[in-house]
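> Mind looking at a prediction? Sequence and model below.
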Amino acid sequence: MHNKRLILICLIAALAVAIAATVLLVVLSRSGWSGSGPSTNDVYYYEDNAPHADPEIVGMWQNAQNPQWFKVYYDDYDGDGYYWGKEWDEADDVFEEDLGYHGNGWFRWRKEGKNLKELHTMDISGATVPKQWRYKTKPDSLLLYSPENKKRCDRFGRVGEP
């Protein structure tokens, strides 16, 4: 007899939940809710349709004068006309694994004619610091020049792919 009461109580509770859910759906549908959320089919994925970065620039580079300074240019489009990159200087006790994802040490980059524009991210404020270089690429070399005086600033040698 005790089991019959327990089963009856469970059936009444289930019926109450079903009625409450039905009332909730009716109220929501009258207020304009369609019952379906956004679909992943509605999302635009840049990986499929993104423009690719210049393969002569994409890669991991090591500074020829300061072999502890590295730059990596990725073919990772951000949707705003820029690609991602990062740099670190091991002479300053900063290593690649110390860089937080898209934080300090990261930059966004793009080509603008003969210039290479970089927007460097600052962790503390979230601000970006712009840098601009005139550049030339040679097989396995990236030369960065100051745009003001066209004096060679830095020469990087390719040490790998990102």
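Great, that's in hand. Model, not experiment: these values are computed from the prediction.
> what about the protein, any weak spots by pLDDT?
1, 28, 31-49, 152 (pLDDT under 70).
> Which strand in it has the most residues?
Counting residues, the longest strand in the chain under DSSP state E turns out to be strand 128-138.
> so how far is Asp89 from Leu99?
11 Å (Cβ to Cβ, to the nearest Å). Using the backbone N, CA and C atoms, a C-beta is placed for each residue, glycine as well.
> Then Gly79?
29 Å.
> who has more neighbours, the two?
More crowded of Gly79 and Asp89, by other Cβ atoms under 10 Å: Asp89, with 15 against 8.
> Can you show me the helices along the protein?
Listed in chain order, the helices of the chain (DSSP state H) span 2-30, 46-49.
> between the ones you listed, which gets nearest to Lys151?
Among the helices of the chain, helix 46-49 comes nearest to Lys151, with 36.7 Å by Cβ to Cβ.
> Mind splitting this structure into its structural domains?
Following automatic domain parsing, the chain resolves into domains at 2-32, 47-160.
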